[in-house]
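> Sequence and predicted structure are below.
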Amino acid sequence: MPELPEVETTRAGLAPHVEGRRVTDVVVRERRLRWPVPAALSRELPGQIIQRIWRRGKYLLLSTPIGSVIIHLGMSGSLRIVAAGSPVQPHEHVDLVLDHDRALRLRDPRRFGCVLWTRRDPLRHRLLAGLGPEPLGEAFDGAYLAARAAGRRQAIKGLIMDSRVVVGVGNIYATEALFRAGIHPARAAGRISAARLERLARCIRDVLASAIEAGGTTLRDFVDGNGRPGYFSQQLDVYGRTGQPCPACGTTLKSGEIGQRTSVWCPRCQR
DNA sequence: ACTGGCTCCTGAGGGC
DNA sequence: TGCCCTCAGGAGCCAG
């Protein structure tokens, strides 16, 4: 379940292996991902140089002079650098073969991810055009969050997981940030004080930033099969700890479904 | 304009 | 030991 820290760790790990490389071939073994891998990718990408690998929300973007590859890892996707022609494991659906006898290989057992191709500005692609601000960027702060929460009856957890409001906050980090901020995940967004939303915005930034940092420090070589960043579960306070004592006060952590997503919270610390 | 619900898919884990 | 069932989960999309 790649969340933003995992995507960012992947981006940073891949960059030295793909930037400046020419794509020599595109191999699609399974076209049926979240959306079909477009034929235009195989037709137009070969011969192009990958100038930059960057990220918008959880979308990874590979820029070339004539267009961009848009990759989303869904919840089971991973990318790694393999030796060109190395044996294909199950669920390894797409290879971008590079000019130094390596390939960027996508594995995605559940196929919730996607590999798309656009010749336009990828930020104007329909999947990216409506995205909210980056949580670690300057546009995301307490005032912004308060403006978006105003009048909303939706549970705060659903609001911060809405990519139109802010990108990159998945179930794990939404759960963690709400715990750190002392806010009950089901509380109506519009009924939370500006001061508490300020705190929540800070907690979202902090939890994501520290997870990215942890990913950076544990970043392994993305070559030859060691390319899967971990999920930093060792530093999660409440996610996956239903029934265990709250790390802050010792009260038994509760869980339940909020907005079709499992949530964990401390009934004493979070109001 | 909002909100909740459904959907894609497969691996993991629990129960028997 | 092994099989079967349930569930998780990103996020686009649709219906109310």
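Arrived safely. Nothing here was measured: the structure is a model prediction, and the numbers come from that model. Residues are numbered from 1 along each chain as shown, chains lettered A, B, ... in the order given.
> and A:Tyr173, how many neighbours?
Neighbourhood size, A:Tyr173 [other Cβ atoms under 10 Å]: 24. Heads up, the C-betas are built off the backbone N, CA and C, glycines and all.
> Look up which helix or strand it falls in, please.
Per DSSP states H and E: A:Tyr173 is located in helix A:171-181.
> for A:Ala139, helix, strand, or coil?
The three-state label given to A:Ala139 by DSSP: H, G, I helix; E, B strand; the rest coil is coil.
> List the residues that contact it.
Neighbour list for A:Ala139: A:Pro133 [criterion: Cβ atoms under 8 Å, 6 or more residues apart in numbering].
> one step back: which secondary structure elements does the helix holding A:Tyr173 contact?
If contacts are counted by 3 or more Cβ pairs under 8 Å, 6 or more residues apart in numbering; DSSP states H and E, helix A:171-181 sits against helix A:156-160, helix A:194-217, strand A:261-265.
> try 10 Å this time
Helices and strands touching helix A:171-181, by 3 or more Cβ pairs under 10 Å, 6 or more residues apart in numbering; DSSP states H and E, are helix A:4-18, helix A:156-160, helix A:194-217, strand A:254-258, strand A:261-265.
> hey, which of these is tucked in deepest?
Ranked by mean neighbour count under mean count of other Cβ atoms under 10 Å, those are led by helix A:156-160, which reaches a mean of 24.
> That one near DNA strand C anywhere?
No: judged by Cβ under 7 Å from any atom of the strand, helix A:156-160 makes no contact with DNA strand C; its nearest approach is 10.1 Å.
> coming back round to it: just send the helices and strands packed on helix A:171-181 back as a markdown table, with distance to A:Leu60 too.
Formatted as a markdown table, these follow (distance: least, Cβ to Cβ, whole Å):
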| stretch | distance to A:Leu60 |
| --- | --- |
| helix A:4-18 | 6 |
| helix A:156-160 | 22 |
| helix A:194-217 | 15 |
| strand A:254-258 | 29 |
| strand A:261-265 | 24 |
